[in-house]
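A.B. asks: Everything below, folded, please.
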Amino acid sequence: MKRIVPIVLAVALFMENMDSTVIATSLATIARDIGTSPIALKLALTSYFVALAIFIPISGRMADRFGAKEVFRLAIAVFMVGSLACAFADSLEGFVFARFLQGMGGAMMTPVGRLLLVRAVPKGDLVSAMAWFTIPALIGPLVGPPIGGAIATYADWRWIFLINLPIGVAGILLATRFLPKVEKVPAITFDWPGFVLSGLACAGMVFGFSVVSLPALPPVFGLAMVLTGAGFALLYIRHARRAERPVLELRLFEIATLRAAVIGGAIFRIGAGAVPFLFPLMLQLGYHFSPLQSGLVSAASIGGAMMMKFLARPILKAFGFRTTLLGTGVIGGVFVAMIGFYSDAVPLPLLVALLLVGGFFRSLFFTSINTLAFADVPKRDAGDATAMLAAFQQVAIATGVATAGGILEAGVVLQGVALPTIEIFSVAFFIVGAISALASLPFLALSQEAGAEVAGRRVPAE
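C.D. replies: Purely as a prediction, here's the structure:
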């Protein structure tokens with residue numbers, strides 16, 4: 001029964017994470033069918049991330065007010081409606097709106113699912129539960145591209161979205177049957193001015209980072225949006241210092257374990273989050289792999305992620321969060337950088353082994369920070385903590401893709417070529433690998449016993 005809760009939550013998380021990447025290999029097919037260009041259709045991808053950025057900050061407060069289980073099921077339903085709208089879209093405008101609707105549901109699924117996990121599972125079992133919960137976040141982006149490519153090649157692209165319907169129905173039924181009832185938090189208030197400011201801040205930065213390297217828009221437009229988002233972020237900080245219950249509780253940064261997990265996790269995602277963008281492109285442009293072949297090779301990381309779920313708890317119990325995160329941050333960054341050394345002279349099985357081991361350490365890092373973040377957070381503030389963690393993660397992922405795209409664009413300009421060369425991809429992997437390794441720094445300030453109860457190194461007090 002301890003495992004059924006994270007597995008049920010993982011059904012929805014897998015659907016969301018797979019769907020967010022599954023259309024990447026199908027853009028050309030979809031664009032041709034609805035009468036637009038693949039470049040213009042990337043706005044539909046951006047609209048999804050913008051919706052996440054806007055609604056994630058309020059997700060924790062919604063769960064506290066209306067009940068986490070109820071909001072989680074509603075989020076799945078909204079995501080399904082958005083999927084159905086995507087399948088029937090016949091114009092760029094309709095597809096962009098449908099993806100935004102999907103993003104509204106997705107914005108609630110992950111943070112509310114994590115909140116349900118934190119409140120339903122005892123602290124001593126949280127590491128194992130979070131390991132099961134984290135797996136879909138790693139598997140979805142890897143299996144999405146090959147599935148999308150296969151559907152677009154051998155079937156109607158609309159099935160990319162229609163397959164979400166039975167998965168979503170299963171998720172709602174399983175949630176109704178197995179998820180425990182989590183009590184609502186009394187006297188919850190909504191900070192509407194804070195919601196507007198935080199939404200504009202996150203949306204501005206995510207949208208700006210997402211479009212800064214789009215050929216259809218000048219880079220200065222993306223930069224202007226990022227700066228606008230940063231301006232609203234400063235306004236939100238000013239507002240949060242005066243509001244009684246701001247939508248994102250910045251005072252939670254006073255908790256050392258949460259602060260380290262949020263900052264370290266964001267840095268790591270900037271580097272590691274660029275890999276799903278860079279790696280398939282390198283294989284396709286540099287080594288002439290087909291989209292399906294590059295997706296299948298990328299899936300090697302799944303093996304490492306699956307192996308991690310069995311070893312995360314004993315590793316954290318033996319070494320603690322501080323040592324584990326210091327080690328996995330550096331090692332995970334090194335394995336990302338090592339992808340840059342790949343060439344025709346390197347046997348493919350060696351590349352697969354590199355991805356396998358790298359996937360293990362990246363997955364262990366993500367599981368560790370997602371667990372450490374809640375080690376010292378009071379139950380009442382768990383909803384606000386999940387929203388804050390998810391908001392920072394979303395901005396970091398967009399930043400990572402923008403960073404990778406910027407490196408490739410700079411390399412193309414400096415070399416005077418039309419497409420990125422293998423050397424440019426190598427430099428990109430070296431840089432994002434170094435960024436990932438820097439994620440270890442925020443954990444230096446933690447004590448060795450940080451999160452000891454959650455790691456199983458200390459018996460909970462009676």
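
A.B. asks: Now do the helices in the stretch 101-250 of the chain.
C.D. replies: All helices of the stretch 101-250 of the chain, identified by DSSP state H, counting those that start in this stretch, fall at 126-154, 159-162, 164-178, 192-211, 219-242.

A.B. asks: tell me the secondary structure for residue 345?
C.D. replies: Under DSSP: H, G, I helix; E, B strand; the rest coil, residue 345 falls in the coil class.

A.B. asks: do the one 4 residues further on as well
C.D. replies: Under the three-state scheme (three-state DSSP), the conformation of residue 349 reads as helix.

A.B. asks: Okay, domains of the protein per the record?
C.D. replies: 1-188, 191-246, 254-462 (automatic domain parsing).

A.B. asks: Kindly provide the whole-number mean pLDDT of stretch 126-145.
C.D. replies: Across stretch 126-145, pLDDT averages out at 69.

A.B. asks: Same question for stretch 81-88.
C.D. replies: Stretch 81-88 shows a mean pLDDT of 93 in the predicted model.

A.B. asks: Give me the buried stretch members for that stretch, please.
C.D. replies: 81, 82, 83, 84, 85, 86, 87 (16 or more other Cβ atoms under 10 Å). For glycine as for every other residue, the C-beta is placed from the backbone atoms N, C-alpha and C.

A.B. asks: if we can go back for a sec, what's the least confident stretch among the domains of the chain?
C.D. replies: domain 1-188 has the lowest average pLDDT among the domains of the chain, namely a mean of 80.

A.B. asks: Would you format the helices of the stretch 101-250 of the chain as a markdown table with mean neighbour count and distance to residue 392 included?
C.D. replies: A markdown table is the format used below for the helices of the stretch 101-250 of the chain (neighbours: other Cβ atoms under 10 Å; distance: least, Cβ to Cβ, whole Å):
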| stretch | mean neighbour count | distance to residue 392 |
| --- | --- | --- |
| helix 126-154 | 22 | 15 |
| helix 159-162 | 20 | 29 |
| helix 164-178 | 17 | 26 |
| helix 192-211 | 23 | 9 |
| helix 219-242 | 16 | 11 |
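
A.B. asks: between those, which gets nearest to residue 381?
C.D. replies: For the helices of the stretch 101-250 of the chain, proximity to residue 381 was assessed by Cβ to Cβ; helix 219-242 is nearest, at 14.1 Å.

A.B. asks: Let me know the angle separating that closest one from helix 192-211.
C.D. replies: 160 degrees (axes from the mean of the first three to the mean of the last three Cα atoms, to 10 degrees).

A.B. asks: Which is the succeeding secondary structure element to helix 219-242?
C.D. replies: helix 256-272 (DSSP states H and E).

A.B. asks: That next one - contacts with which helices or strands?
C.D. replies: Using 3 or more Cβ pairs under 8 Å, 6 or more residues apart in numbering; DSSP states H and E, the elements in contact with helix 256-272 are helix 301-338, helix 348-372, helix 382-415, helix 422-437.

A.B. asks: What is the subsequent helix or strand relative to that helix?
C.D. replies: Counting by DSSP H and E, the element after helix 256-272 in chain order, helix or strand, is helix 275-281.

A.B. asks: Mind giving me the packing neighbours of that following helix?
C.D. replies: For helix 275-281, the packing partners by 3+ Cβ pairs under 8 Å, 6+ apart are helix 126-154, helix 291-298, helix 382-415, helix 422-437.

A.B. asks: hang on, the earlier thing: reformat the helices of the stretch 101-250 of the chain as a markdown table; add distance to residue 409.
C.D. replies: What follows is the helices of the stretch 101-250 of the chain, written out as a markdown table (distance: least, Cβ to Cβ, whole Å):
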| stretch | distance to residue 409 |
| --- | --- |
| helix 126-154 | 22 |
| helix 159-162 | 29 |
| helix 164-178 | 33 |
| helix 192-211 | 13 |
| helix 219-242 | 8 |
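
A.B. asks: Please look at residue 285 and residue 417 and confirm they touch.
C.D. replies: No - checked against Cβ atoms under 8 Å, the pair residue 285 and residue 417 is beyond contact range at 10.8 Å.

A.B. asks: Who has more neighbours out of these two?
C.D. replies: residue 285 (17 against 12; other Cβ atoms under 10 Å).

A.B. asks: From residue 288, how far out is the closest residue to the more buried one other than its chain neighbours?
C.D. replies: Spatial nearest neighbour of residue 285, excluding adjacent residues (Cβ to Cβ, 6 or more residues apart in numbering): residue 419 at 5.6 Å. Going from residue 419 to residue 288 by Cβ to Cβ, to the nearest Å gives 12 Å.

A.B. asks: ok, back up a step: go through the helices of the stretch 101-250 of the chain and name the closest to residue 435.
C.D. replies: That would be helix 192-211 among the helices of the stretch 101-250 of the chain, by Cβ to Cβ, at 14.3 Å.

A.B. asks: Return the residues in contact with residue 323.
C.D. replies: Residue 323 makes contact with residue 448, according to Cβ atoms under 8 Å, 6 or more residues apart in numbering.

A.B. asks: Equivalent analysis for residue 265, please.
C.D. replies: Taking Cβ under 8 Å, 6+ apart as the criterion, residue 265 is in contact with 366, 369, 370, 373, 389, 392, 393, 396, 439.

A.B. asks: Most neighbours out of those residues, which is it?
C.D. replies: residue 369 leads those on contacts (other Cβ under 10 Å) with 31 neighbours.

A.B. asks: list the contacts for that one?
C.D. replies: 261, 264, 265, 268, 325.

A.B. asks: With residue 329 instead?
C.D. replies: By Cβ under 8 Å, 6+ apart, the residues touching residue 329 are 264, 268, 365, 436, 437, 438, 439, 440, 443.

A.B. asks: Identify, from the residues you listed, the entry nearest to residue 336.
C.D. replies: residue 436 (5.3 Å).

A.B. asks: ok, and the closest non-adjacent residue to the closest one?
C.D. replies: Nearest residue to residue 436 in three dimensions, chain neighbours excluded: residue 271, at 3.1 Å (Cβ to Cβ, 6+ apart).
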